[in-house]
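[1] this one's sequence-less:
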DNA sequence: AGGCTACCTGAATGCTCGTTCAGGGTGGCG
DNA sequence: CGCCACCCTGAACGAGCATTCAGGTAGCCT
């Protein structure tokens, strides 16, 4: 029976479907606006199943965060490995963050995560880890660029922090839909900032 | 009677006390964690009074946002008028934002506002207004500095956006209590960024 | 004085969820 | 076969909360 094969073979897949649905719902309802019923509807399951797999709503939210974190790692690594030199890599990071690449985008989710991190320890850990990963990628690219002579920052560590922060700040405007802020403009503003910050020769 | 004079003479003051209590509660519980009962306790009134004055919890939250907005304007104007030249003014903005000045500080509240703005139109309007005000102050200082020859940005408009964004991004780390991020370090990182961005002569 | 209005309170109300529960199907293993 | 463990569901439960309400007090106008 169709129903039989579905429930028997795919518990794993159902679980995964729930997590993805959770991410989707959080993305447009926010953490505090996400109800078990919303997830169930988005995933096409009963509410009971969500609690069965994750014990509680909080459990589901945290599991979704973990999934996000894992995928972020993978995507970032794979994506950056494809790029040849430091300049290309940095340029690619701008595009990734602007939301042109896969997975990484979606700054609304990041905003939600930040605020949740103010009050929830799991969220705090996740966002810290995510952030550390992103910033260390940036640092690596910078120091690689120093080695090749493409970059010449006054203070590499400070530059990394500033460029990461600049990205976050610009992203807020993108996420909030500020007039005049688009993905292209974000990438552009950030890239120009990087050129200055890293004293790239033209 | 004490009670009499209190309730009769001070409705205005009670109202104000409620709004300030609301801000306090939001600051440490977040918008989504703020209950009418919390505000009542913090303000030392009954829950009923809050609804009496503001119709609903949402009404109280919005009124508190408006209060915040008004005070932000006043404080910023007064504070900046006290500073002599563009360089001092800019430097002062760094300190203000780092939370050393009065009122403006408290980035947690800003984070909360951003996220609320994703879903609530009043919050959206408030934050847009706040942000516009802050950014235009920055633009003014920059163009003033260009006039006096203290600054020489390649693209003043882009510089203003970048410096405002940089501030937001650094502030996130401060608000989230990242290791190594303090008010002083924030002010310092930002100031260095401004020096570069605006090509200030040393 | 008497009544009218503005303030204010604490208890009652009722709705919105998260969570629990009783049960039902299904595949595998003795 | 028949039992067992795993998945899964929909209905029921109950806590937490915003909002409503009936009523109380104090100043103010006539």
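    In hand now; what should we look at? Since the structure is predicted, the reported quantities are computational estimates derived from the model, not experimental observations. Numbering: from 1, shown residues only, chains lettered A, B, ... in the order given.

[2] so which bits of chain A are right by DNA strand D?
    Contact residues, chain A versus DNA strand D (Cβ under 7 Å from any atom of the strand): A:6-7, A:10-11, A:14-15, A:45-49, A:52-53. The way it works is simple: take the backbone N, C-alpha and C, and place the C-beta from them, glycine included.

[3] show me where chain A has its helices.
    A:2-9, A:11-29, A:36-43, A:47-54, A:57-81, A:86-98, A:107-119, A:121-148, A:156-175, A:183-197 (DSSP state H).

[4] give me the distance between the second one and the centre of its chain.
    Read that as helix A:11-29. 16 Å (Cα atoms, centre = their mean, to the nearest Å).

[5] now that helix: mean pLDDT?
    Here helix A:11-29 scores 93 as its mean pLDDT.

[6] can you check the longest one too?
    Per-residue pLDDT values over helix A:121-148 give a mean of 96.

[7] and the residues of chain A next to DNA strand D, which of them are buried?
    Applying 16 or more other Cβ atoms under 10 Å in any protein chain shown to these, the neighbour count classes A:14-15, A:45, A:49, A:53 as buried.

[8] closest to residue A:187 among those?
    residue A:15 (35.7 Å; Cβ to Cβ).

[9] let me know the pLDDT of the nearest residue to the closest one once chain neighbours are set aside.
    Closest residue to residue A:15 apart from its sequence neighbours, by Cβ to Cβ, 6 or more residues apart in numbering or on different chains: residue A:53 at 5.4 Å. On pLDDT, residue A:53 comes in at 97.

[10] so who does residue A:53 touch?
    Residue A:53 makes contacts with A:14-15, A:18, A:60, as judged by Cβ atoms under 8 Å, 6 or more residues apart in numbering or on different chains.

[11] name the nearest of these relative to chain B.
    residue A:60 (17.2 Å; Cβ to the nearest Cβ).

[12] which non-adjacent residue is nearest that closest one?
    That would be residue A:54: by Cβ to Cβ, 6+ apart, it lies 4.1 Å from residue A:60.

[13] give the burial count for that neighbour, as a bare number.
    By the measure other Cβ atoms under 10 Å in any protein chain shown, the count of residues near residue A:54 is 21.

[14] and for residue A:167?
    27.

[15] what does chain A put close to chain B?
    A:29-33, A:108, A:111-112, A:114-115, A:117-119, A:124, A:127-128, A:131, A:154-155, A:158, A:161-162, A:164-170, A:172-173, A:175-176, A:178, A:189, A:192-193, A:196-197 (Cβ under 8 Å from any Cβ of the partner chain).

[16] for residue A:179, grab phi and psi.
    Main-chain dihedrals, residue A:179, degrees, to the nearest 10: phi -60, psi 130.

[17] to clarify, my last question referred to residue A:152.
    Phi and psi for residue A:152, reported as degrees, to the nearest 10, are phi -150, psi 60.

[18] what number of residues lie near the residue lying closest to it once chain neighbours are set aside?
    Setting aside the residues directly before and after it, residue A:152 is nearest to residue A:199 in space (Cβ to Cβ, 6+ apart), at 4.5 Å. Here the number of neighbours of residue A:199 (other Cβ under 10 Å) works out to 12.

[19] residues contacting residue A:199?
    So residue A:199 contacts A:151-154 (Cβ under 8 Å, 6+ apart).

[20] quick check: it vs DNA strand C, distance?
    51 Å (Cβ to the nearest atom of the strand, to the nearest Å).

[21] what's the pLDDT at the closest residue to residue A:158 other than its chain neighbours?
    In space, and not counting its chain neighbours, residue A:158 is closest to residue B:189: 6.0 Å by Cβ to Cβ, 6+ apart. The score at residue B:189 is 97. That number is its pLDDT.

[22] in contact with residue B:189, which residues?
    Applying Cβ under 8 Å, 6+ apart, we find residue B:189 in contact with A:158, A:161-162, A:165, B:170.

[23] quick one: which of these is nearest to DNA strand D?
    Of all the contacts of residue B:189, DNA strand D sits closest to residue B:170, with 32.8 Å by Cβ to the nearest atom of the strand.

[24] quick check: that closest one touching residue A:167?
    No. Look at residue B:170 against residue A:167 with Cβ atoms under 8 Å: they stay out of range, at 11.5 Å.

[25] for residue A:137, see how far away residue A:77 is.
    Going from residue A:77 to residue A:137 by Cβ to Cβ, to the nearest Å gives 9 Å.

[26] the more surrounded of the two?
    residue A:137 (20 against 12).

[27] pretty sure the more buried one sits against residue A:96.
    No. Counting by Cβ under 8 Å, residue A:137 does not reach residue A:96; the two are 9.9 Å apart.

[28] from residue A:154, how far off is residue A:85?
    In terms of Cβ to Cβ, residue A:85 sits 22 Å off from residue A:154.

[29] please apply the same query to residue A:20.
    Per Cβ to Cβ, residue A:20 is found 44 Å from residue A:154.

[30] narrow the contacts of residue A:199 to those that are buried.
    By neighbour count, with 16+ other Cβ under 10 Å, these hold A:151, A:153 as buried.

[31] from the contacts of residue A:199, which single one is nearest chain B?
    Using Cβ to the nearest Cβ, the shortest approach to chain B within the contacts of residue A:199 belongs to residue A:154, at 7.9 Å.
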